[in-house]
Structure formats: C-alpha cells, structure tokens
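Asks: From the sequence below, what's the structure:
(chains A and B)
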2 protein chains.
Amino acid sequence: MSNPTAAMLVIGDEILSGRTRDSNMHHLAQVLSARGIDLTEARVIGDDTEAIVTALNALRAAVTHVFTSGGIGPTHDDITADAVARAFGVGIDIRDDARAMLEAHYAGSGHAINAERLRMARIPDGATLIENPISGAPGFTIGNVHVMAGVPRIFEAMVQSVLPRLTGGRPLLSRSVEIRRPEGDISAPLREFAARHPELAIGSYPYLRDGLLGVNVVLRGPDAKALDQALAEMLRLFPDAVE
Amino acid sequence: MSNPTAAMLVIGDEILSGRTRDSNMHHLAQVLSARGIDLTEARVIGDDTEAIVTALNALRAAVTHVFTSGGIGPTHDDITADAVARAFGVGIDIRDDARAMLEAHYAGSGHAINAERLRMARIPDGATLIENPISGAPGFTIGNVHVMAGVPRIFEAMVQSVLPRLTGGRPLLSRSVEIRRPEGDISAPLREFAARHPELAIGSYPYLRDGLLGVNVVLRGPDAKALDQALAEMLRLFPDAVE
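Replies: Numbering: from 1, shown residues only, chains lettered A, B, ... in the order given. The predicted structure is shown next:
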C-alpha cells in the first residue's frame, strides 16, 4: 500500500519579494517524511485571493492532505480564511468556540480583545479548529486542507496539533555516503547500481566545497535490512565512499 | 506599464523529503525584486518527468520568465533537460558548443571527459546556452524558460549569466517600521492607512521574539518620495514605531 501524499501551499508576498526566507516548508517536509506521508509538491504564492483559490483547488484534488501557512492574522492583508471558504464554496463567520479560544488567551495577556482580533475567530463553515498554544488564534482543517499560521513557531506548534490526527504510512529510511569526486566520475556505475535496485529511491546530490565538487548519494526505502545490504554493496563499488 | 513577471520551479526529491533546505528560491526572489521583475509563484516538485512537464507548461503560459533549478547533472536522477524538451515538444541531443564548453572545462581539471559527462551537453533543440563559470556544464534558455543547476553557487552564477539578457521593470522600493505590539493592536488604523494609500503594497508581518509578539510593517512601491511621505504618516500614526 502506498503512503498518503501531501502538498504545501505557502501564502505570502514577503516570501516572493525576497524579504523573508520561508522555513515552514522545510520543517513540514521533515516531519511528514518521519511520519510516512509523502510530500509531492510545494507552492509559494502571494496574498491574492484568486491565486489562493486556484492553487488550493488544484492541490486538494491531487493529494491526501494540503497544508497551508500564512495569512490568518487580523490585518488587512490576511485573506487566507476567506479565500479557503471561497475555494470550498462555504460561508465564513465568527464562531463561538474560536472566539472562546481567543478570549481565554487574551484574558491572561493584558491585551484587549477587539473587533480586529475577533476577525481571527472567523472560520469557514464545517471546519475543525487547530489549537494554537502560542498566540491563541486557531488554525482550522476543512476537508483535506489544514490552514495554519505563517510565524514559524506558531506554524510548528499547529503542525504538532494536527499530525496526531493523520494516518501515516511507512516512513522512508535512508542511508547515505559521501564521495569526494565529481558526479561524472561515478554516474556510470551508479546508474547500473540503481538499475539493480528498483526497490530503492537513489538520489545523487552534488556539492561544491572549497572549490571541489563531490557528491552525496542517498539510498531511500522502507526496509532497513534491504538498505543495509545496498549500502554494503555501495561501499564495495566505491571504495573511496565514506558513510 | 506593469513589470515583467516570473515563476520559479525547484526540481528535486531531496527538497521534498526534507533532506535539503532549498536556498535558490530566496536568492532568485531577491535578485528579481532588485531588477523589477515580479516573482508571482514558486513551485517545488520531485524528480518526475510528468510532474516537470505539467508544471513547466502551466508556468510558462502564465508568466514572462520561468527559472528552474536542479536535475541537469550527469546521474540517473538528472531528468530535467529531457523533461524540458518534452514540454516544448522538441528533440534533444549532444550539441557541439555545449560539448566544447565541457571539454574546455575538463581540459584544465585533471578529470576525464567521459560518456556520462557528455550527457551534460545534451541540449533541447533551439535552446541558447547559459554559461557555467564554476563547473563547465551549461544551463540553457528555451522560449521563456531558463534551466539552471541546483547546486547553489552554480545556480547563482548562472542567474548572473542570464539576468543581463532580461528586460527589467521598476524595482519596488520599500520602507519598513517595527512595532513591538501584537498585530491585533494596530490592525484597525493600519487598515484605514492602507485604504488611504492604494498606490502602495502594505504588508504586515508578525513575529514572535522572546515570547512577545510584534510586527514589521512594510510599505512597497516604485516611488521613493511617495514612500517617504507614507512613512512619515505611519510614524505619526504609531508613535511607538521604530524605523
């Protein structure tokens, strides 16, 4: 049985303008790998309703789970919740349970709850809330789409709230070796090795360090024993490889 | 006149598995912003021919320029050049000028040019080469698609080779202020401010630092004088804002 699949949608002009470097995609990729959910695509788009609706509808039809980050705060450029409601063709309004989460958070914070903050309790009809232990305002799950905040620590906390609900698969295990030669030196035997091991995903990742090209070869598969055997074969094939 | 637009396509299983954190997207976003080319979307996909063809055809129809990174080396998992040829419906073969670039590079390197390395001289019909001053093997431009290496230093060098050929627009200038209060405190007056300044793109970027929420407000537009006036108004509106 194949693993569940996932896509990520990063929403935010600040990523596309180069002002901010996204870190949520890399975080999500790591935690999904560990859980046996295969991330097959990620997209970054701006704060634009049409773009969000189009991307969301394409992705949610293609994968088991879609994760979004960004655009669920209280300011004028936070349009994600409304765009998600539109993508699903449902209404959106302030919801009592989301409001209660905000009130509980602000009660202890010294900040007043106001009309602007209440915007963060606007949730598309039929969604389930995602807890936000950091700043109160919840994310939400609707259909197979999980809508989360863009601030990395809050995003990461929301991912922790969502993940236990999701069915995982067989995590891909990996073994890797480093060979301090350019890829072109090893690609013929590596190609044959890959042909002998169709059960593994074999990636060749070149790098440049101190002006010298080298390569990390990564073997991936669900079966630890098969990986260990393939790794031993790899080390015989490339005696200069280091684990 | 509006600026040219761009999209980026990052190709590589290693990004989606969480093994590697992409840095090319952030680099490209910054250099395009400075040149007045608006990056409107970025996608990350795996080493999969169908996925590359589909994404490439969607993106090249939507924007002025598409930039790809990854998958143009000599190993079995380097399938980008073939996928690009397929997306354009053209042939692909070893080309003399690309081969000459490789030979010139390897002549000085102590590494032999072999059949595997010659794979890197396979270029889709009708493409223009992109110089690679670091490791010899060229990228290429076909139609409005610029195909470049994934290793960051090589990607960045290829971007430097391509950019002078492209027509830029008016770079977006920006001014920003930091306000050490949660977004919900400032969003009502900020919403009115944004309504008074439709000529500017105004982004509100919350952060969490030492357990406290704050916000960076960024004003963007092509006109320095208009930005300076808006910034002055902003500082009157939020006396606790710091530039």
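Asks: Just the CA trace of stretch A:26-44, in PDB.
Replies: In PDB, the C-alpha atoms belonging to stretch A:26-44 read as follows (Å, rounded to 0.1, in the frame of the first residue of the first chain):
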ATOM      1  CA  HIS A  26      11.500  22.600   5.200                       C
ATOM      2  CA  HIS A  27      10.100  21.900   8.700                       C
ATOM      3  CA  LEU A  28       6.900  20.300   7.200                       C
ATOM      4  CA  ALA A  29       8.900  18.200   4.800                       C
ATOM      5  CA  GLN A  30      10.900  16.700   7.700                       C
ATOM      6  CA  VAL A  31       8.000  15.900   9.900                       C
ATOM      7  CA  LEU A  32       6.000  14.400   7.100                       C
ATOM      8  CA  SER A  33       8.900  12.200   6.000                       C
ATOM      9  CA  ALA A  34       9.200  10.900   9.500                       C
ATOM     10  CA  ARG A  35       5.500  10.000   9.600                       C
ATOM     11  CA  GLY A  36       5.400   8.200   6.200                       C
ATOM     12  CA  ILE A  37       3.400  10.900   4.400                       C
ATOM     13  CA  ASP A  38       5.000  11.800   1.000                       C
ATOM     14  CA  LEU A  39       5.200  15.500   0.200                       C
ATOM     15  CA  THR A  40       4.800  15.600  -3.500                       C
ATOM     16  CA  GLU A  41       4.600  19.300  -4.200                       C
ATOM     17  CA  ALA A  42       5.000  22.700  -2.600                       C
ATOM     18  CA  ARG A  43       3.900  26.100  -3.900                       C
ATOM     19  CA  VAL A  44       4.500  29.600  -2.800                       C
END
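Asks: residues of it that come out buried?
Replies: A:26-29, A:32-33, A:35, A:37-44 (16 or more other Cβ atoms under 10 Å in any protein chain shown). For glycine as for every other residue, the C-beta is placed from the backbone atoms N, C-alpha and C.
Asks: ok, and which of these reach chain B?
Replies: Restricting those to those near chain B by Cβ under 8 Å from any Cβ of the partner chain leaves A:H26, A:L28, A:A29, A:L32, A:S33, A:D38, A:L39, A:T40, A:E41, A:A42, A:R43, A:V44.
Asks: so, if you compare the residues you listed, which one comes nearest to A:G214?
Replies: A:H26 (22.4 Å; Cβ to Cβ).
Asks: Where does pLDDT dip in chain A?
Replies: Applying pLDDT under 70 to chain A flags residues A:1.
Asks: 80 instead?
Replies: A:1, A:108-112 (pLDDT under 80).
Asks: And the helices in chain A?
Replies: A:13-16, A:24-35, A:49-62, A:80-88, A:96-107, A:115-118, A:152-162, A:183-196, A:224-237 (DSSP state H).
Asks: what's the offset of the last one from the middle of its chain?
Replies: How far helix A:224-237 lies from its chain's middle: 30 Å, per Cα atoms, centre = their mean, to the nearest Å.
Asks: Okay, angle between it and helix A:183-196 too, please.
Replies: 140 degrees (axes from the mean of the first three to the mean of the last three Cα atoms, to 10 degrees).
Asks: where's the residue lying closest to A:E131 once chain neighbours are set aside relative to A:H146, distance?
Replies: Distance criterion Cβ to Cβ, 6 or more residues apart in numbering or on different chains; nearest residue to A:E131, sequence neighbours excluded, is A:S161 at 4.6 Å. Counting by Cβ to Cβ, to the nearest Å, the gap from A:S161 to A:H146 is 9 Å.
Asks: So those two - more neighbours on which side?
Replies: A direct count of neighbours by other Cβ atoms under 10 Å in any protein chain shown for A:S161 and A:H146 places A:H146 higher, at 26 against 18.
Asks: quick one, what contacts that one?
Replies: A:H65, A:V66, A:F67, A:T68, A:I130, A:G139, A:F140, A:M158, A:V162 (Cβ atoms under 8 Å, 6 or more residues apart in numbering or on different chains).
Asks: any idea how far the first one lies from A:I154?
Replies: Which is A:H65. A:H65 sits 19 Å away from A:I154, going by Cβ to Cβ.
Asks: swap in the fourth one?
Replies: From A:T68 across to A:I154, the span is 13 Å (Cβ to Cβ).
Asks: and for these two, which residues touch both?
Replies: Common contact partners of A:T68 and A:I154 (Cβ under 8 Å, 6+ apart): A:M148.
Asks: Contacts only, for the residue nearest the centre of chain A.
Replies: With distances taken as Cα atoms, centre = their mean, A:L28 lies nearest the centre of chain A, 3.2 Å away. Going by Cβ under 8 Å, 6+ apart, A:L28 touches A:A6, A:M8, A:L39, A:F67, A:V159, B:G18.
Asks: For these, pick the one with the most neighbours.
Replies: Neighbour-wise, these (other Cβ under 10 Å) top out at A:F67, 29 neighbours.
Asks: That one contacts A:V10, doesn't it?
Replies: No. The pair A:F67 / A:V10 is not scored as a contact, 9.3 Å apart, by Cβ atoms under 8 Å.
Asks: Dump the contacts of A:L28 into a markdown table; add distance to B:R220 as well.
Replies: Below are these laid out as a markdown table (distance: Cβ to Cβ, whole Å):
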| residue | distance to B:R220 |
| --- | --- |
| A:A6 | 32 |
| A:M8 | 25 |
| A:L39 | 31 |
| A:F67 | 27 |
| A:V159 | 30 |
| B:G18 | 32 |
